[in-house]
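> Quick one: sequence and predicted model below, then my questions.
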Amino acid sequence: MLKFGLTIFSLLAPLLLIAAPAGAQQVTLKATLQAAMTHPFYGVSMARFKEEIEKRSGGAVALQIFDKSQLAHDDEVVDAVSSGVADIGTTATHNYAGHSPVEFIFTINDKVWQSLTPAHRAIMTEAASLVEREARERVARIEAEATRFAIEKGFKLQDLTPDQVAEWRACSAEMLSDYMEQNGELAQRLMAAYAKLRTEPCCTGDGPASAIAFTRR
């Protein structure tokens, strides 16, 4: 997807190890990061992205990370990457309104992307896919640890009942409609997939998929 001088990596590519062309000139890309490199989500993910693309390209593609908003603040990243101040950036999803309705993305300046070899583009796309999966697993571990800590400290965690979930969905329906309207076809496809997921046993909360489970009373 290309808008406003941005190329947004597809995070659905299969993981393949592709060797860089022999004699290829080294490319060093500037990456902007608002958080510190020690941040458990953004920092660690960017560090893993750097590690993977440099390993997979045999050093032909290098990533220079400027953390703690050295190049751009959070609400400036989209413009910074579009203009070439930074070659790569990642930031909060709301800053991509009208660009891409997804949760975790890296963006790269389109001129820089077009200048890379097909092998290098594939390497970066695959690295992004790997980092995304690892990030989701890391967040799941962090949330599990936070839950355990809260319970140990005496907090009572209350799961929502199916009817309460239905009430929440009813109240947020207008926001979802606005989201799909503002973000176009990709947002509509995303929400269609979400609607399908809601019928799976994991989301009904009581075994087999049930259209009754989330009926609003």
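That came in fine, so what should we check first?
> so how far is residue 123 from the closest residue to residue 151 other than its chain neighbours?
Distances taken as Cβ to Cβ, 6 or more residues apart in numbering put residue 157 closest to residue 151, at 6.8 Å, once the chain neighbours are dropped. Just so you know, the C-beta spots here come from the backbone N, C-alpha and C atoms, and that holds for glycine as well. Applying Cβ to Cβ, to the nearest Å, the value for residue 157 to residue 123 is 42 Å.
> Tell me which of the two has more neighbours.
The neighbour comparison of residue 157 against residue 123 (other Cβ atoms under 10 Å) goes to residue 123, with 26 against 7.
> Could you point out the helix or strand that follows the one helix or strand the more buried one maps to?
Taking DSSP states H and E as the definition, residue 123 sits inside helix 118-152. The first helix or strand that comes after helix 118-152 along the chain, using DSSP H and E, is helix 162-197.
> Quick one: mean pLDDT for that following helix?
Helix 162-197 carries an average pLDDT of 82.
> Now do the buried residues in that helix.
For helix 162-197, the neighbour count (16 or more other Cβ atoms under 10 Å) marks 162, 165-166, 179-180, 183, 187, 190-191 as buried.
> and the two most separated of the residues you listed?
162 and 183 (28.2 Å; Cβ to Cβ).
> Any idea what residue 89 is bridged to?
Per DSSP bridges, the residues bridged to residue 89 are residue 32, residue 107.
> wait, isn't it in contact with residue 32?
Yes - Residue 89 is within contact range of residue 32, at 4.5 Å (criterion: Cβ atoms under 8 Å).
> Any regions of this structure where pLDDT drops low?
Residue ranges of the chain with pLDDT under 70: 1-25, 91-105, 200-217.
> distance of residue 164 from residue 40?
Applying Cβ to Cβ, the value for residue 164 to residue 40 is 30 Å.
> go on, residue 71?
Distance, residue 71 to residue 40, using Cβ to Cβ: 22 Å.
> Look at residue 30 and give its secondary structure.
The assignment at residue 30 comes out as strand when based on DSSP: H, G, I helix; E, B strand; the rest coil.
> again with residue 39
Three-state assignment for residue 39 (three-state DSSP): coil.
> residues near it, how many?
16.
> returning to that earlier point: name the helices or strands packed onto the helix holding residue 123?
helix 42-56, strand 61-66 (3 or more Cβ pairs under 8 Å, 6 or more residues apart in numbering; DSSP states H and E).
> What residues of the last one count as buried?
It stands for strand 61-66. Neighbour-count burial for strand 61-66 flags 61, 63, 65 (criterion: 16+ other Cβ under 10 Å).
> Mind putting these into JSON lines with distance to residue 143?
What follows is the buried residues of strand 61-66, written out as JSON lines (distance: Cβ to Cβ, whole Å):
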{"residue": "61", "distance to residue 143": "33"}
{"residue": "63", "distance to residue 143": "28"}
{"residue": "65", "distance to residue 143": "26"}
